[in-house]
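Asks: Below is the structure, and that's it, no one-letter string:
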């Protein structure tokens, strides 16, 4: 029987193929397992990444508009769009705009929310992350978020606040391109006199930022912390590899079905 219902999983994208398989592909497979009567499609929002994959590897992935065109071709009538974005930020706004242009062309389009959308999401995301990380009693966990100049950046301080409310007082959040940054996290480490730090990306994929800005040799968070006398270990795992995080996306789909 031909499927007339589809789920479009929209991600920022990554040019690291092994990371893609461990994160985005696993999220998509998990969604397919939970909703077997739906056909699952993929789209990336980053044109820069789409261009890079085409040029470097001759690989073509669809952007949101191309994916919707493909779904029309396949005679999909009812669509759920589920972003793997962390925030209701710039990429998500862009995605919503692209989808609105197609509203009249399908029987129904429902939209799931990004990872951090309501209070429960923050709690679930923290619990999911902490279930995957073993810390010593005298060790802090610093999460590296992307950061944005969009007002959705407020999600990052909220994430740290939620971690502390849940009893994870040794968890701190910094961002590469927003507030708080690494310096803010370091001042809190000083206050608590913590000298052992684990760094992990708070990003769906452990791509460029995780490998270079967080764990790289020069001018990275790791090297800056080591220069200040901290003992540092890095975990190069994207959130997409974590079962609890994968399940939040499934729940967001269920909510709009």
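Replies: Looks like it arrived, so ask away. All values derive from a computational prediction rather than experimental measurement.

Asks: where do the strands sit along the stretch 51-200 of the chain?
Replies: Here the stretch 51-200 of the chain has its strands, by DSSP state E, counting those that start in this stretch, at 78-83, 108-111, 139-145, 171-175, 196-201.

Asks: Tell me which of the ones you listed lies nearest to residue 185.
Replies: Residue 185 sits nearest to strand 171-175 of all these, at 4.1 Å, using CB to CB. Any C-beta I mention is one placed from the backbone N, CA and C, and that applies to glycine too.

Asks: Test my guess that residue 233 contacts residue 200.
Replies: No. Residue 233 is beyond contact range of residue 200, at 9.6 Å (criterion: CB atoms under 8 Å).

Asks: Name the nearest residue to residue 44, sequence neighbours excluded.
Replies: residue 13 (3.3 Å; CB to CB, 6 or more residues apart in numbering).

Asks: quick one: contacts for the one you found?
Replies: If you count contacts by CB atoms under 8 Å, 6 or more residues apart in numbering, residue 13 has them with 24, 44-46, 49-50, 53, 61.

Asks: Now flag whichever of those is closest to residue 140.
Replies: Closest to residue 140, out of all of the contacts of residue 13 and judged by CB to CB, is residue 24, at 28.9 Å.

Asks: how about stretch 184-200: buried residues?
Replies: Neighbour counts over stretch 184-200 (16 or more other CB atoms under 10 Å) mark 185-186, 188-189, 194-200 as buried.

Asks: Just want the most central residue of this structure.
Replies: Residue closest to the mean C-alpha point of the chain, counted by CA atoms, centre = their mean, is residue 204 at 3.0 Å.

Asks: For residue 85, list the residues it contacts.
Replies: Here residue 85 is in contact with 10-12, 45, 91-92, 95, 114-115, 204 (CB under 8 Å, 6+ apart).

Asks: Please disregard the earlier target; I meant residue 139.
Replies: Residues near residue 139 by CB under 8 Å, 6+ apart: 170, 194, 196-198.

Asks: May I see those arranged in TSV, with distance to residue 219 and pLDDT as well?
Replies: Formatted as TSV, the contacts of residue 139 follow (distance: CB to CB, whole Å; pLDDT from 0 to 100):
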residue	distance to residue 219	pLDDT
170	25	96
194	22	94
196	22	97
197	17	97
198	20	98
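
Asks: farthest-separated two in these?
Replies: 194 and 198 (10.7 Å).

Asks: Quick check: neighbours shared by these two?
Replies: Taking CB under 8 Å, 6+ apart as the contact definition, residue 194 and residue 198 share the neighbouring residues 139-140.

Asks: So residue 42: helix, strand or coil?
Replies: Put simply, residue 42 is strand when judged by DSSP: H, G, I helix; E, B strand; the rest coil.

Asks: ok so, going back, out of the contacts of residue 139, the closest to residue 123 would be?
Replies: Among the contacts of residue 139, residue 170 lies closest to residue 123 (CB to CB), at 17.1 Å.

Asks: hey, which helix or strand in this structure has the poorest pLDDT?
Replies: Sorting the helices and strands of the chain by mean pLDDT, DSSP states H and E puts helix 208 at the bottom, at a mean of 87.
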